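Novice: I would like the atomic coordinates for the input below:
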Amino acid sequence: MWVSADGHIRQELRADGRYDEARGTRRSAYTGRYTVTGSHIDYVDDTGFTATGDIRDGVLFHEHLVLYKEE
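Specialist: Purely as a prediction, here's the structure:
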């Protein structure tokens, strides 16, 4: 689980290659699939929207978001 500093955004990257992103009280606000190449992540939302992310020093930079690994 990756979480924004304020806890508003929670992104679960599941082992089956699917992701589920919650925004505030809106569960499953975004869902889709993802692939990882090294430290780079490519996302394809179920609506067809695409995005990217990179993990650097244990922090996930996902487009304009900064997410931290939840312990």
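
Novice: rest of the way, CA atoms for contacts and neighbours
Specialist: Will do.

Novice: List the buried residues in the one helix or strand residue 31 maps to.
Specialist: In this assignment (DSSP states H and E), residue 31 forms part of strand 26-37. Buried residues in strand 26-37, counted by 16 or more other CA atoms under 10 Å: 30, 31, 32, 33, 34.

Novice: Relative to residue 41, which of the residues you listed is nearest.
Specialist: Closest approach between the buried residues of strand 26-37 and residue 41, by CA to CA: residue 34, at 6.6 Å.

Novice: residues touching the closest one, list them.
Specialist: Counting by CA atoms under 8 Å, 6 or more residues apart in numbering, residue 34 touches 13, 17, 18, 19, 41, 42, 43, 44.

Novice: Any figure for the gap between it and residue 19?
Specialist: Using CA to CA, to the nearest Å, we find residue 34 at a distance of 7 Å from residue 19.

Novice: between these two, what contacts are shared?
Specialist: Contact with both residue 34 and residue 19 is made by residues residue 13, according to CA under 8 Å, 6+ apart.

Novice: now the strands: where do they sit in the chain?
Specialist: In the chain, the segments counted as strands under DSSP state E are 2-4, 9-13, 18-23, 26-37, 40-45, 50-56, 59-62, 65-69.

Novice: And the contacts of residue 34, which of them are buried?
Specialist: Applying 16+ other CA under 10 Å to the contacts of residue 34 flags 13, 18, 19, 41, 43, 44 as buried.

Novice: nearest residue to the most centrally placed residue in the chain other than its sequence neighbours?
Specialist: For the chain, the residue nearest the mean C-alpha position is residue 11 (4.4 Å; CA atoms, centre = their mean). The shortest distance from residue 11 to any non-neighbouring residue, by CA to CA, 6 or more residues apart in numbering, is to residue 21 (4.3 Å).

Novice: Would you mark the buried spots in stretch 3-19?
Specialist: Those would be 3, 4, 9, 10, 11, 12, 13, 18, 19, for stretch 3-19 by 16+ other CA under 10 Å.

Novice: If anything else comes up later, I'll come back, but that's it for now.
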